[in-house]
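**Q** no sequence on this one, just coordinates:
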């Protein structure tokens, strides 16, 4: 498949459908969580249900509870399986430039006017989107290949004001690790290193003792 032979829509669709997601049988799971924030360690439990809702228990610190729940929500929302039409049916896809790495830019129109992506090796390697009034830019540097789609391994993110272009907060670098539990790939470690006034601040989320919930018959 080459850029000259397919439409920008079809090229993007192929990369979109190459993402790893959980199937309709996903039962949910429980895990222990160890949260290390600049050397301060908190432990508790996380449960992500079959409806992708996240629960955090056993964490006394409100700040730690919020941080852990935020990551659990992120884990779940990115594994939801939606068709290309459900997610991008109102968007228009156009080719942009190809950079020195061979990554192909996709410039959005329609409902997603102003957003852009880059694709390399049938994966999305750059996301630049206006989300809830903030522009987020995510560069992905490496990925895990599961055999059922890819999962990001190392990537960074930075936020900007959409009107002024001013950077909001420091850039964050991520490292994600996964393990296979039953037939599902589940995040077992995420490290986030954020530049705070020129100094690195490190958060590490370790999910251990991951166990699938019993399947329910609806």
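**A** The structure has been received and is ready for your questions. What you see is a predicted model; the values in this text were computed from it and never measured.
**Q** which other helices and strands contact the helix of greatest length in the chain?
**A** Criterion DSSP state H: the longest helix present in the chain is helix 62-77. Using 3 or more C-beta pairs under 8 Å, 6 or more residues apart in numbering; DSSP states H and E, the elements in contact with helix 62-77 are strand 28-37, strand 40-49, strand 54-57, strand 184-196, strand 199-212. Any C-beta I mention is one placed from the backbone N, CA and C, and that applies to glycine too.
**Q** Need the ones you listed in TSV (columns: mean pLDDT, distance to residue 72 and mean neighbour count).
**A** Listed next are the helices and strands packed on helix 62-77 as TSV, based on pLDDT from 0 to 100; distance: least, C-beta to C-beta, whole Å; neighbours: other C-beta atoms under 10 Å:
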stretch	mean pLDDT	distance to residue 72	mean neighbour count
strand 28-37	97	8	18
strand 40-49	97	5	17
strand 54-57	96	4	16
strand 184-196	96	9	17
strand 199-212	97	9	15
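**Q** Please name whichever of those strands is nearest to residue 163.
**A** With C-beta to C-beta as the criterion, residue 163 lies closest to strand 184-196 of these, at 22.9 Å.
**Q** Nearest the middle, which residue of this structure would you pick?
**A** Nearest to the geometric centre of the chain sits residue 78, at 5.3 Å (C-alpha atoms, centre = their mean).
**Q** That one and residue 64, how far apart?
**A** Residue 78 sits 22 Å away from residue 64, going by C-beta to C-beta, to the nearest Å.
**Q** Retrieve the pLDDT associated with the nearest residue to residue 140 once chain neighbours are set aside.
**A** Excluding the flanking residues, the one nearest residue 140 by C-beta to C-beta, 6 or more residues apart in numbering is residue 155, at 4.2 Å. Listed pLDDT for residue 155 reads 98.
**Q** Contacts only, for residue 155.
**A** With contact set as C-beta atoms under 8 Å, 6 or more residues apart in numbering, residue 155 has these partners: 138, 139, 140, 141, 173, 174, 176.
**Q** Looking at the last one now. What's its pLDDT?
**A** This means residue 176. At residue 176, pLDDT is 98.
**Q** Assess the claim that it and residue 152 are in contact.
**A** Yes. Between residue 176 and residue 152 there is a contact under C-beta atoms under 8 Å: 6.0 Å.
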